[in-house]
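Trainee: Requesting a structural model of the entry that follows:
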Amino acid sequence: MKIYVRERIKVGEGVRQPRYIVLAVQGGDLKVYAHHFRKTELEQMAKDSGAELVFLEPMPEEERGSKKRS
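Mentor: Numbering: from 1, shown residues only. I've put the predicted structure just below:
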């Protein structure tokens, strides 16, 4: 089983809010009821369920929102 996560965009340094968002879960029987998690919470879920955590790389800022529709 794999749990795909990425850092949230709108959380700054030093802010005491969960930094990660779960994007997808592959395989297994894991139901996720929250959206934002702390890294320690994700690590505990992965350990308990035998899953692998996959941290996705963020999209470069210059590519975000710069796609023009024709």
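Trainee: rest of the way, CA atoms for contacts and neighbours
Mentor: Noted.
Trainee: All the strands of this protein, residue numbers only.
Mentor: 2-7, 20-26, 36-37, 52-55 (DSSP state E).
Trainee: Point out where this protein drops to low pLDDT.
Mentor: Applying pLDDT under 70 to the chain flags residues 9-17, 61, 64-70.
Trainee: In contact with the closest residue to residue 56 other than its chain neighbours, which residues?
Mentor: Excluding the flanking residues, the one nearest residue 56 by Cα to Cα, 6 or more residues apart in numbering is residue 6, at 5.2 Å. The contact partners of residue 6, taken as Cα atoms under 8 Å, 6 or more residues apart in numbering, are 20-23, 55-58.
Trainee: Could you pick out the buried ones from those?
Mentor: In these, burial by neighbour count holds for 20-22, counting by 16 or more other Cα atoms under 10 Å.
Trainee: and of those, the nearest to residue 39?
Mentor: Set against residue 39, the nearest of the buried ones among the contacts of residue 6 by Cα to Cα is residue 20 (6.9 Å).
Trainee: If anything else comes up later, I'll come back, but that's it for now.
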